[in-house]
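Trainee: Got a predicted model here, sequence first, then my questions.
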Amino acid sequence: MNLPHPCAPTLAFRAAVPEDIPALVDLVTSAYRGERSRRGWTTEADLLDGNRIVPEVLEADLARLRSKVLVAEQGGEMVACAHVCDDAGVGYFGMFAVRPELQNAGLGRAVLAEAERVAREEWGLSLMRMSVIDLREELIAWYERRGYRRTGVKKPFPATDPRFGLPRRSDLRFEILEKTL
């Protein structure tokens, strides 16, 4: 079981509501795209331009059954988020973001643990899966330290769907990682 980092500040978790969508788009974008994302280690600014998430995708995630967009707050301020859902009997983890200036402080570990708890305890799921750009070796290694394993399954990146970003290179693809909960 993943426990929060001992130095991680206290987080309060809640489910996102439609009114959170603009703040969620800003948070996720800040963690992955543009110059602001370079303050953290999760940036994809050298790989992709454009969107990381759009409001329409978040609206669908919020409306879907057995789907939760987790918001992590510290002192009443949104500092991290993730999406967890039941995908045909398997937990799926995605849209994971921590404010760039707060990365490397244990917040991500706590958010991942909460998403795993939701999948395991609230929905009775025994496996969590995610898709990670396979060039993101440092990020994949972070997940491996938390018990995830590479499955070897690769999927194409949606390079022609601007809702998820505009590739700066042609060799982007996802690798599926999974963990028994």
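Mentor: Everything's here; your move.
Trainee: Helix or strand: which one has residue 85?
Mentor: strand 77-87 (DSSP states H and E).
Trainee: which strands and helices sit next to that strand?
Mentor: Where contact means 3 or more CB pairs under 8 Å, 6 or more residues apart in numbering; DSSP states H and E, strand 77-87 is packed against helix 21-32, strand 67-74, strand 90-98, helix 107-117. In short, each C-beta sits where N, CA and C put it, glycine included.
Trainee: ok, now with 10 Å
Mentor: Packed against strand 77-87 by the contact rule (3 or more CB pairs under 10 Å, 6 or more residues apart in numbering; DSSP states H and E) you find strand 12-15, helix 21-32, helix 55-63, strand 67-74, strand 90-98, helix 107-117, strand 127-133.
Trainee: Only C-alpha atoms, please: export the fifth one in PDB.
Mentor: If I follow you right, that is strand 90-98. Written as PDB, here are the backbone C-alpha positions of strand 90-98 (Å, rounded to 0.1, in the frame of the first residue of the first chain):
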ATOM      1  CA  VAL A  90     -10.600  -2.200 -14.100                       C
ATOM      2  CA  GLY A  91      -9.600   1.000 -12.400                       C
ATOM      3  CA  TYR A  92      -8.300   3.700 -14.800                       C
ATOM      4  CA  PHE A  93      -6.100   6.500 -13.500                       C
ATOM      5  CA  GLY A  94      -5.400   9.600 -15.600                       C
ATOM      6  CA  MET A  95      -5.400  13.400 -15.800                       C
ATOM      7  CA  PHE A  96      -3.000  13.500 -12.900                       C
ATOM      8  CA  ALA A  97      -1.600  16.900 -12.100                       C
ATOM      9  CA  VAL A  98       0.200  18.700  -9.300                       C
END
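Trainee: That strand - which strands sit beside it in the sheet, and in what orientation?
Mentor: Take DSSP bridges as the rule and strand 90-98 pairs in its sheet with strand 77-87 (antiparallel), strand 127-133 (parallel).
Trainee: so it versus helix 55-63, what angle?
Mentor: For strand 90-98 and helix 55-63, the angle between their directions (axes from the mean of the first three to the mean of the last three CA atoms, to 10 degrees) works out to 130 degrees.
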